[in-house]
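Colleague: no sequence for this one, just the structure:
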DNA sequence: TTATGAATGCAATTGTGTTGCAAAGATTGA
DNA sequence: TCAATCTTTGCAACACAATTGCATTCATAA
C-alpha cells in the first residue's frame, strides 16, 4: 500500500482503514472532482453509504472539499496540503459542459465581493462553466 | 388581473394562461429566489409538473433565471427588465445560512476570471453564503 | 364547427443523498 | 487473554428534487 496515502490520512488524523485507503487512492489518481455516484462506479463492489460516510469523514477532517457544480451531484476533490477549508482556501472551480468534468483551480482564489450593508460573509461557491482545454483541443484537431 | 403581469408575459412572448399569471404573480411578490417545492406550497392545489414546466417556459424565454445555491433545489428569480441571460447579466447571489433565503444582487456582476490557456468561458454561478442583513438585525436586537 | 396544437393534471420513475440497524472489526482495560 | 466497548462497514429503506409519459382539457385557427 502506498506510503503517501497512509501519511496523508495520518496527517489529517483519520484512522487508515482499508476502505479509506482505497477511496483516497482513487481521489489522488482522479485529476478532477468526483461525485459519490462516480466514486461508486470506480469499485466493483462497494457500498454507497460506506463511500458516503468515508467522504463525509474526509471532508470533516479537511482532506477533501466539496463543490456544488450544478450537475445535480456534489463533487469532491483533494484539498491542497495546507488547506484548512477557510475562506482563504476557497478557489474557483470549472465545469466543462462538454466532458462534464469539474476542475479545481487551486491557484485562483475566489474574489470576495463587497456585500451590502448588514450582510456577513461566511463562505462562497464559484463555478465557471465552459469548455475545458482538453475538449477544445479535441474539437479543433480534425477541422 | 394585474396589467403588469400580462405585459411582462407578452414582452417575453409567453402566452398568458391563468396558471402562468398566477405563477408570475407569486414570483413578483416574492423578494427572494424561490424553488419548485416552495412554489408548490404557495398554491392550495397545483400540480408539480405544471409548475415545473411553467418555470422552464419562463426560463427559456428569459423571464426568470435559476440559481444553484447548494440547498439541493434550484431556485428561480425574476430577471431584470433588460436581462437577456447573457454573461453580462450574470450576478452574485447570496444564500443566508440562517433563514435559507437566496437573494439576487442584481447590481453586483460576477467577476469573470482569467482562465488558464485553452479554457473557454460560457457561464458562471457565484453564490456567497453567510448571514443576511435581516437575520443579523434580529440576532443583535435582544442582546 | 372541427381539426390541430398547446397546456395541464396525474401517475410513475430516476437519481442523489441520507439514515437505521445489525454484523464485523478494532481497541482498550482488567 | 478475554470481555466490554467503540468504530466501521454493509444492507435495506427512505426522503426529496427533478423529470417524463400519457391522457385530458383548453385555446386557436382554418
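Modeller: Good, I have the coordinates. All values reported here derive from a predicted model rather than from experimental measurement.
Colleague: the lowest-mean-pLDDT helix or strand in chain A and chain B in contact?
Modeller: Across the helices and strands of chain A, mean confidence by mean pLDDT, DSSP states H and E is lowest for helix A:133-141: a mean of 86. Yes - judged by CB under 8 Å from any CB of the partner chain, helix A:133-141 comes into contact with chain B at A:133-134, A:136-137. To be clear about C-beta, it is placed using only N, CA and C from the backbone, and glycine gets the same treatment.
Colleague: distance of the residue nearest to residue A:79 when sequence neighbours are not counted from residue B:7?
Modeller: Leaving aside its chain neighbours, residue A:79 sits nearest to residue A:65 (5.4 Å; criterion: CB to CB, 6 or more residues apart in numbering or on different chains). Counting by CB to CB, to the nearest Å, the separation of residue A:65 from residue B:7 is 46 Å.
Colleague: okay, the two: which has more neighbours?
Modeller: Set side by side, residue A:65 and residue B:7 show more neighbours around residue A:65, with 21 against 11, by other CB atoms under 10 Å in any protein chain shown.
Colleague: wait, the more buried one touches residue A:59, no?
Modeller: Yes - contact criterion CB atoms under 8 Å: residue A:65 and residue A:59 qualify, at 6.9 Å.
Colleague: hey, what's in contact with both of those two?
Modeller: Contact criterion CB atoms under 8 Å, 6 or more residues apart in numbering or on different chains; residues bridging residue A:65 and residue A:59 by contacting each: residue A:76.
Colleague: quick one: strands adjacent to the longest strand seen in chain A?
Modeller: Using DSSP state E to define each element, chain A has its longest strand at strand A:120-131. According to DSSP bridges, strand A:120-131 forms sheet pairs with strand A:91-96 (parallel), strand B:120-131 (antiparallel).
Colleague: mind listing what's buried along the least confident helix or strand of chain A?
Modeller: For helix A:133-141, a neighbour-count test (16 or more other CB atoms under 10 Å in any protein chain shown) marks A:133, A:135-136 as buried.
Colleague: likewise stretch A:36-55?
Modeller: A:36, A:38-39, A:42, A:51, A:54-55.
Colleague: any idea of the mean pLDDT for that stretch?
Modeller: Mean pLDDT, computed over stretch A:36-55, is 95.
Colleague: ok, of the residues of helix A:133-141 next to chain B, which one's closest to chain B?
Modeller: residue A:133 (2.9 Å; CB to the nearest CB).
Colleague: quick one: residues contacting the residue nearest to that closest one when sequence neighbours are not counted.
Modeller: Using CB to CB, 6+ apart and skipping residues adjacent in sequence, the residue nearest residue A:133 is residue B:118, 2.9 Å away. Residues in contact with residue B:118 (CB under 8 Å, 6+ apart) are A:132-134, A:136-137.
Colleague: which residues of chain A lie near DNA strand C?
Modeller: Proximity of chain A to DNA strand C (CB under 7 Å from any atom of the strand) is limited to residues A:15, A:17, A:35-37, A:48-49, A:52-53, A:72-74.
Colleague: ok so, going back, which two of the residues of helix A:133-141 next to chain B have the greatest separation?
Modeller: Spatial extent of those (CB to CB) is set by the pair A:134 and A:136 at 7.2 Å.
Colleague: what does the helix or strand containing residue A:105 rub up against?
Modeller: Using DSSP states H and E, the element containing residue A:105 is strand A:102-109. Defining contact as CB under 8 Å, 6+ apart, one finds that strand A:102-109 is touched by A:31-33, A:67, A:69, A:71, A:75, A:77, A:80, A:88, A:90-96, A:127, A:132, B:113, B:116.
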